[in-house]
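Peer 1: Model the structure of this input:
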Amino acid sequence: MLFKNLARKFLYKVYEHLLTKAIKSGVIPHHIAIIMDGNRRFADRIKKPRYVGHIYGADTTEKVLDWCWEIGVKHLTVYAFSTENFNRPQQEREHLFDLLKLKLEELYTDKRTHERKMCVRIIGETNLFPLDLQSIIKKVENATKNYNKIYLNIALAYGGRREIADAVRAIAEKVKKGVLSVKDINENTIAKYLYPINNIAIPKVDLIIRTGGEMRTSNFLPWQANGNECAAYFCAPYWPEFRKIDFLRSIRVYQRRCLCHITVLPKLWSSE
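Peer 2: Reported below is the predicted structural model:
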């Protein structure tokens, strides 16, 4: 049994190494967005309190950030807390708030954040959170606002349709005040008013990943992802179980999509 486990680990490492090498030789997505699903179901399966699943999930998020840095991903956006999560039991919400405070504080103090020049941005209605959490959010954002090597965008109290509605409302105010003309409004105008407002906009999504077996995007970055017809990778493992191989396989899906576009375009041109 011990020999089988050692052999399995060895083969896993060999496969991971070969897959990493192959991925690095291809096109790397500029922006990856992840719906980190399955924390609570993972905790239920191992018969632990549900907040334990979120702790395991937070550890996975740190690993994924390292993997993104390793292969050269510029933007990583993670769906950490939706507006619907406010409907969860109070105790669970408080555990989540405490975990968010802990992890944001770690981002603030972690030397990798500053060595990598990583800009941390929170997207969503952060005013809905407790004041102490809002304070830490502002602290880490201010400390990293001038960094531009890699961007970590954390979606908190986020809803995609609400984001678009807020953008439309802001544009309407500009039109009402005469600052903006209706004829000048286009897709780029709307994009400027999406989260984060008054900062570098979240770019279009190249690859969206969802764990936990669900095959839907749950109102996550609808303008940047669905509007761009990005590649999608849905996988069965719960978020705490998400491995580097799963991550690399998602990149491979994106790269195959890019190759399909490259091979289709000449055919389209030749048919004219």
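Peer 1: Pass me the low-pLDDT residue ranges in the stretch 51-200 of the chain, would you?
Peer 2: 197-199 (pLDDT under 70).
Peer 1: now the strands for it?
Peer 2: With DSSP state E, counting those that start in this stretch as the definition, the stretch 51-200 of the chain shows strands at residue ranges 75-82, 118-123, 150-158.
Peer 1: quick one, which of the ones you listed is nearest to residue 64?
Peer 2: With Cβ to Cβ as the measure, strand 75-82 is the member of the strands of the stretch 51-200 of the chain nearest residue 64 (7.2 Å). For the C-beta atoms, the positions are set from N, CA and C on the backbone; glycine is no exception.
Peer 1: Against which helices or strands is the closest one packed?
Peer 2: Contacts defined by 3 or more Cβ pairs under 8 Å, 6 or more residues apart in numbering; DSSP states H and E place strand 75-82 against strand 31-35, helix 50-71, helix 90-109, strand 150-158.
Peer 1: how about 7 Å then?
Peer 2: Strand 75-82 sits against strand 31-35, helix 50-71, strand 150-158, with contacts defined as 3 or more Cβ pairs under 7 Å, 6 or more residues apart in numbering; DSSP states H and E.
Peer 1: could the ones you listed be laid out in a markdown table, adding distance to residue 84?
Peer 2: Putting the helices and strands packed on strand 75-82 into a markdown table (distance: least, Cβ to Cβ, whole Å) gives the following:
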| stretch | distance to residue 84 |
| --- | --- |
| strand 31-35 | 13 |
| helix 50-71 | 16 |
| strand 150-158 | 10 |
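Peer 1: now those as JSON lines including distance to residue 166 and mean neighbour count?
Peer 2: Formatted as JSON lines, the entries for the helices and strands packed on strand 75-82 read as follows, by distance: least, Cβ to Cβ, whole Å; neighbours: other Cβ atoms under 10 Å:
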{"stretch": "strand 31-35", "distance to residue 166": "19", "mean neighbour count": "25"}
{"stretch": "helix 50-71", "distance to residue 166": "26", "mean neighbour count": "18"}
{"stretch": "strand 150-158", "distance to residue 166": "11", "mean neighbour count": "23"}
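Peer 1: right, so of those, which gets closest to residue 225?
Peer 2: Smallest distance to residue 225 across the helices and strands packed on strand 75-82 (Cβ to Cβ): 6.1 Å, for strand 31-35.
Peer 1: on contacts alone, who are the packing partners of that closest one?
Peer 2: Of the remaining helices and strands, those touching strand 31-35 by 3+ Cβ pairs under 7 Å, 6+ apart are strand 75-82, strand 207-210.
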